[in-house]
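In: build the 3D model from these lines:
(2 chains)
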Amino acid sequence: MAPLHSLLTLLDRVSPAKIAYAHCDIPCGIYDPHHAQMAAHTVIRMVDLIGQLEKPGPNATADQRQEYMNKLARYIATKEQHAEIFKTEVRVLWGDYFKPEHAQQFPNLHDLVWKSLKSASKGRQEINLLAAEDMLRQANEIATIFWKTKNVPTYSAKSPYPTGRETVYPKIG
Amino acid sequence: MTPALAPGDYVIVNTWAYRRREPGVGDLVVLRDPEGGGRFLCKRIAGVSGSGFYAVRGDNEAVSRDSRSFGLVSRRLIIGKVWLSARAPRGRTNGPESPS
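Out: Next comes the predicted model:
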């Protein structure tokens, strides 16, 4: 039908046609639970780093206190930021990607999303390794469901990051 | 709407198609986006509720925003039936929509 398309292209230039969108909202179909999983790893890592940070003793100098404060503030800021990234990413998957039939197929989906957002709030508010690990566990469960809806098999492996926790990856290719 | 339509295809819409009959299941239609934005959507009629409301679906269900997310659409929003479509040459698109 190329000649017809060429003719219509010509007509379109003379009198532009209206656009009808044939599939999704924008960005179309570009979703991945990986960002939420990465954000959970970052929160775990920040909790670890905060735990390893040596607190200044009573005889610490002003410079040592300042250095401690600086490091602590940076770890906390990063933890805050990535807990929020986690929540944003999970909300996008939940609100934009998952369809009613996915929720029917995976009846625990809504509860899982809700719990993951609660864990992220806790992970953000507190220096709480359990909450951070809950975030990753729940992100992994969401990832497992996500990839199942795309018929992509998954596997679980220890992450190559310093956090070293079990992470769900898609088996692509 | 892949494979029926691909980004960049032209469609010619018969706006008189539903003057004498109602949209039927399987019809490819152009409708006003029920979620606003002044956009037009191209979907297939998937079901008829019998009271002037229709379920529409994209053929490419995994990435389609359709009645599964915005619910049934009123007859008033349906502009017409796709009468003819012209496939864009490969690698060429006219619309702002990028393929998924």
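In: the helix or strand of chain B with the lowest mean pLDDT: which residues count as buried?
Out: Ranking every helix and strand in chain B by mean pLDDT, DSSP states H and E puts helix B:67-70 at the bottom, with a mean of 80. Under the neighbour-count criterion of 16 or more other Cβ atoms under 10 Å in any protein chain shown, helix B:67-70 has B:Ser67, B:Arg68 buried. To be clear about C-beta, it is placed using only N, CA and C from the backbone, and glycine gets the same treatment.
In: check stretch B:12-24 too.
Out: B:Val13, B:Ala17, B:Tyr18, B:Pro23.
In: just the strands in chain A please.
Out: Ranges of strands within chain A are A:20-21, A:154-158, A:166-170, based on DSSP state E.
In: buried stuff in the second one?
Out: With burial defined by 16+ other Cβ under 10 Å, the residues of strand A:154-158 counted as buried are A:Thr154.
In: and that strand, what's its mean pLDDT?
Out: Taken as a whole, strand A:154-158 has a mean pLDDT of 96.
In: and it, which strands flank it?
Out: strand A:166-170 (antiparallel) (DSSP bridges).
In: can you get me a residue count around A:Glu101?
Out: 11 (other Cβ atoms under 10 Å in any protein chain shown).
In: nearest residue to it other than its sequence neighbours?
Out: Closest residue in space to A:Glu101, ignoring its immediate chain neighbours: B:Arg68 at 7.1 Å, by Cβ to Cβ, 6 or more residues apart in numbering or on different chains.
In: residue contacts, that neighbour?
Out: A:Lys99, A:Pro100, A:Glu101, B:Arg57 (Cβ atoms under 8 Å, 6 or more residues apart in numbering or on different chains).
In: measure the nearest residue to B:Gly80 once chain neighbours are set aside to A:Met38 for me?
Out: Nearest residue to B:Gly80 in three dimensions, chain neighbours excluded: B:Thr15, at 3.8 Å (Cβ to Cβ, 6+ apart). According to Cβ to Cβ, to the nearest Å, B:Thr15 stands 49 Å off from A:Met38.
In: what do you get for A:Leu109?
Out: Distance from A:Leu109 to A:Met38, counting by Cβ to Cβ: 21 Å.
In: is the helix or strand bottoming out on mean pLDDT in chain A positioned near chain B?
Out: For chain A, using mean pLDDT, DSSP H and E, the weakest element among its helices and strands is strand A:20-21, scoring a mean of 83. Yes: residues of strand A:20-21 contacting chain B under Cβ under 8 Å from any Cβ of the partner chain: A:Ala20, A:Tyr21.
In: strands paired with that strand, and their directions?
Out: For strand A:20-21, the paired strands and their directions (DSSP bridges) read strand B:40-48 (parallel).
In: can you mark which positions in the strand it pairs with are buried?
Out: Across strand B:40-48, burial judged by 16+ other Cβ under 10 Å covers B:Phe40, B:Leu41, B:Cys42, B:Lys43, B:Arg44, B:Ile45, B:Ala46, B:Val48.
In: now do the residue most central in space within chain A against chain B, distance only.
Out: What sits nearest the mean C-alpha location of chain A, by Cα atoms, centre = their mean, is A:Ala36, with 1.6 Å. Relative to chain B, A:Ala36 is positioned 20 Å away (criterion: Cβ to the nearest Cβ, to the nearest Å).
In: same thing with A:Thr144?
Out: Between A:Thr144 and chain B the distance is 17 Å, computed by Cβ to the nearest Cβ.
In: then A:Ser121?
Out: Distance from A:Ser121 to chain B, by Cβ to the nearest Cβ: 26 Å.
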